[in-house]
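Student: this is a predicted model, with the sequence first.
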Amino acid sequence: MTFEIISEAGSFGGIQGYYKHRSAVLGCDMRFSVYQPPAAQHHDVPILWYLSGLTCTEDNATVKAGFQRMASELGLMVVCPDTSPRGDDVPNDDAYDMGQGAGFYLDATSIPWKKNFRMYSYIRDELPALVSSMFAADETRQSITGHSMGGHGALTLFLKNRNKFKSVSAFAPIVSPTSCPWGQKALSKYLGAGNKDEWVDYDACALLERDGAANVNILIDQGLADPFLQDQLMPELFEDVCAKVGQDVTLRRQEGYDHSYFFIASFIEDHLRHHHKALTT
Ligand SMILES: N[C@@H](CCC(=O)N[C@@H](CSC=O)C(=O)NCC(=O)O)C(=O)O
């Protein structure tokens, strides 16, 4: 496995780096960022995956979430992947919520998307293998978080890979893509409008209902001033399914916070502590 260093900079005693590699799964060059805490100079450290939302790249959370200070203190490696395959040879769409920048963390089955749009397999298999081979990362201790579309990615990847990830959290996640306009558009194009049986495989509420509760506490923060709250995010749907199946969830409704990285930066410390606890006990 080969990769290229784009840049590396000291941060809170560790290293904040940007990297590039050729993805066999996605069929294009991909960029990602990795924060290596100081502890990684001495031993393998646990990994926290951060999945970003619509329109984002690996850069948004890296520069705006403010996770480096606490990741340094707790000894967590934080990896931020891009949100979709990219490039001139990769299909795209003029809309911000489809195509490049909007991979929805699924494996597409429809033409023209299915050749490249395989973010589920990329995040679950290819990128972890690369990161473990490149850095002092403990592959046996991984957790996952994300924002909005990335919160959907974190919840669904966790629920389908309960032995791979020790914990999950999310900021303003899309909890039920089958029930909201962003998700319905993406699922109908990536998986096919007539293939609704496949849609449930990428819907956190449906997965929880189908597979039952996971043996962890799920932490979710949701801003009450979020413009997407009522039409796209609908955390009450997740809360209802959690109650139905007995899933332990901490859903915090935060007064005065919107959908931006100001919201994420305000609560990122709590999420890092949530994952650190699960990764070290
Ligand atoms: N129309 C807007 C919508 C894009 C947006 O709000 N993106 C969010 C994620 S939304 C759900 O996945 C985001 O994280 N934006 C990047 C940022 O740095 O804030 C638009 O096109 O901007």
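Tutor: Done, it's in. Only a predicted model underlies this, so the values are computations on that prediction, with no experimental measurement involved. Numbering: from 1, shown residues only.
Student: near the ligand, which residues of this structure? Just list them.
Tutor: 53-56, 60, 64, 96, 147-149, 259-261 (C-beta under 6 Å from any ligand atom). Any C-beta I mention is one placed from the backbone N, CA and C, and that applies to glycine too.
Student: just the buried subset of the residues you listed, please.
Tutor: Among the residues of the chain next to the ligand, the ones that count as buried by 16 or more other C-beta atoms under 10 Å are Gly53, Leu54, Cys56, Asn60, Lys64, His147, Ser148, Met149, His259, Tyr261.
Student: tell me which two in the residues of the chain next to the ligand are the farthest apart.
Tutor: Of all pairs drawn from the residues of the chain next to the ligand, the greatest distance, 17.8 Å, lies between Lys64 and Tyr96 (C-beta to C-beta).
Student: just the residues of the chain next to the ligand now: which is nearest Thr280?
Tutor: Among the residues of the chain next to the ligand, and counting by C-beta to C-beta, the member closest to Thr280 is His147, at 23.9 Å.
Student: quick check: phi and psi on that closest one?
Tutor: Dihedral pair for His147: phi -120, psi 130, per degrees, to the nearest 10.
Student: bridged to it, which residues?
Tutor: Beta-bridge partners recorded for His147 (DSSP bridges): Phe171.
Student: next up, the contacts around it.
Tutor: Listed by C-beta atoms under 8 Å, 6 or more residues apart in numbering, the contact set of His147 reads Tyr50, Leu51, Ser52, Gly53, Ala61, Ala170, Phe171, Ala172, Pro173, Ile264.
Student: quick one on the thing from earlier: select from the buried ones among the residues of the chain next to the ligand every entry located in strands.
Tutor: Among these, no member falls in strands (criterion: DSSP state E).
Student: which SS class is Pro46?
Tutor: Put simply, Pro46 is strand when judged by DSSP: H, G, I helix; E, B strand; the rest coil.
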